[in-house]
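Asks: Requesting a structural model of the entry that follows:
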Amino acid sequence: TLTYLATAEPHLPYTPSAASLAAEWAEARPGGDRDAGAAAPPIDPTRTAELADGVQAGTVHLGAEARRFVEALYDAEVRDADAAIGELLADLEALGIAGRTAVILVGDHGEEMWERGGFGHGKTLYEEVLRIPLVVVLPGGRSGGVSRDEPVEAVDVYATALALAGIAPDSQAQGQSLLPAGAGGEPRGGVRPQLANLPGRGRAMVLGRYKLVASARGGREIYDLVADAEEQHDLGATAPLVERFLRTTFGIAVAYESVWSRRRWGSPANTSAAFAADHGL
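Replies: Model prediction:
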């Protein structure tokens, strides 16, 4: 049996419960002030999506106190979501099925919180927005080595869920199970390029330790995610060989989209056996 539970929180607009906001705002107050009743900046939580757009456009400027309050609103929504998931786990225990239930927790995107001067998502392709939480808990909470050092992708969740159910995926399906070998997992061959696309704004690709961000306006940025995890130092023209390597792989992936058969070949980042056969590889 598969149960899918979706929650939109945390998400703009940030409208957490009063109790969670009071707790987070008390923690966020500067100078050790933990008075939960301390006055908050005059920000309407229901209008935080509009506020985020104004900050992005440069028409709204928030001071330090207002920024802390926005962070408290977001953290309070995280607190509420965490409590809801806790209730779900408690329900599994009460029903007596926790010991034979696997749980997969996955997010759909991250959230910028002032790394680029604003907050929210859907505007940039930097790591604070692209990286997501992904946790796989085996039935009964067993430890099974469901931990990987290399990056994985959301497309792998599908294959992992099938493996947990003992179901073999379709031969043309994308993704690979994250379970350890012998438990439905499979070896991962080499490094796969990780592609992201934000229509109207640009694309990004991570390959190994390097990342290429290509703006829809034509600009390019290159980052070494090992030495510069926060993407503050564009390598630009200082690493021509790295740039050529990234642009070649990126260009092939983008060019193929115009003639690509996703159903038969999978994705450029995770091609199927049929792709190799059709192209004589």
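
Asks: Identify the spatial nearest neighbour of the one residue sitting closest to the centre of the chain, chain neighbours not counted.
Replies: Centroid check for the chain by Cα atoms, centre = their mean gives residue 132 as the closest residue, at 2.5 Å. Closest residue in space to residue 132, ignoring its immediate chain neighbours: residue 107 at 4.0 Å, by Cβ to Cβ, 6 or more residues apart in numbering. C-betas here are computed from N, CA, C, even on glycine.

Asks: Isn't the one you found up against residue 133?
Replies: Yes: contact criterion Cβ atoms under 8 Å: residue 107 and residue 133 qualify, at 4.8 Å.

Asks: okay, those two: which has more neighbours?
Replies: residue 107 (14 against 8; other Cβ atoms under 10 Å).

Asks: Now do the same contact list for that one.
Replies: Taking Cβ atoms under 8 Å, 6 or more residues apart in numbering as the criterion, residue 107 is in contact with 132, 133, 134.

Asks: redo that, cut-off 10 Å
Replies: 10, 81, 131, 132, 133, 134, 135, 154 (Cβ atoms under 10 Å, 6 or more residues apart in numbering).

Asks: Among those residues, which are located in helices?
Replies: residue 81 (DSSP state H).

Asks: List only buried entries from the contacts of residue 107.
Replies: Buried residues within those, counting neighbours by 16 or more other Cβ atoms under 10 Å: 10, 81, 134.

Asks: For residue 91, the count of nearby residues, please.
Replies: So residue 91, with other Cβ under 10 Å, has 11 neighbours.

Asks: the helices in the stretch 101-250 of the chain, which residues?
Replies: 127-130, 156-164, 240-256 (DSSP state H, counting those that start in this stretch).

Asks: highest average neighbour count across those?
Replies: Per residue and on average, the most neighbours among the helices of the stretch 101-250 of the chain fall to helix 156-164, with a mean of 20 (mean count of other Cβ atoms under 10 Å).

Asks: That helix packs against which elements?
Replies: strand 103-106, strand 134-137 (3 or more Cβ pairs under 10 Å, 6 or more residues apart in numbering; DSSP states H and E).

Asks: what packs against the last one?
Replies: Contacts of strand 134-137 with other secondary structure elements, assessed using 3+ Cβ pairs under 10 Å, 6+ apart, are made with strand 103-106, helix 156-164.

Asks: okay, and for the stretch 51-200 of the chain, where does confidence drop off?
Replies: Counting by pLDDT under 70, the stretch 51-200 of the chain has low-confidence residues at 141-150, 172, 181-190.

Asks: Sketch out the strands for it, chain order is fine.
Replies: Remark: strands assigned in the stretch 51-200 of the chain by DSSP state E, counting those that start in this stretch are 103-106, 112-113, 119-120, 134-137, 194-198.

Asks: Alpha carbons only: can I get the longest one in CSV?
Replies: As requested, C-alpha coordinates have been extracted for strand 194-198 and formatted as CSV (Å, rounded to 0.1, in the frame of the first residue of the first chain):
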residue,chain,number,x,y,z
GLN,A,194,22.4,17.2,-12.8
LEU,A,195,20.2,19.5,-14.9
ALA,A,196,17.9,22.3,-13.7
ASN,A,197,15.7,24.6,-15.8
LEU,A,198,13.8,27.7,-14.7
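
Asks: Quick one: residues in contact with it.
Replies: 109, 121-125, 129-130, 151-153, 155, 202-207, 211, 213-216, 249-250, 253-254, 257, 267-270.

Asks: Buried among those residues? Make that a PyMOL selection.
Replies: Buried members of those, defined by 16+ other Cβ under 10 Å, are picked up in PyMOL with:
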select buried, resi 121+123+124+125+129+130+152+153+155+202+203+204+205+206+207+211+213+214+249+250+253+267+268+269+270
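
Asks: dump the residue contacts of residue 80.
Replies: Contacts of residue 80 (Cβ under 10 Å, 6+ apart): 7, 9, 10, 15, 16, 17, 19, 20, 21.

Asks: In TSV: the helices and strands packed on strand 134-137, plus distance to residue 117.
Replies: Below are the helices and strands packed on strand 134-137 laid out as TSV (distance: least, Cβ to Cβ, whole Å):
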stretch	distance to residue 117
strand 103-106	28
helix 156-164	32
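
Asks: For residue 44, which of the ones you listed is the nearest?
Replies: strand 103-106 (30.7 Å; Cβ to Cβ).
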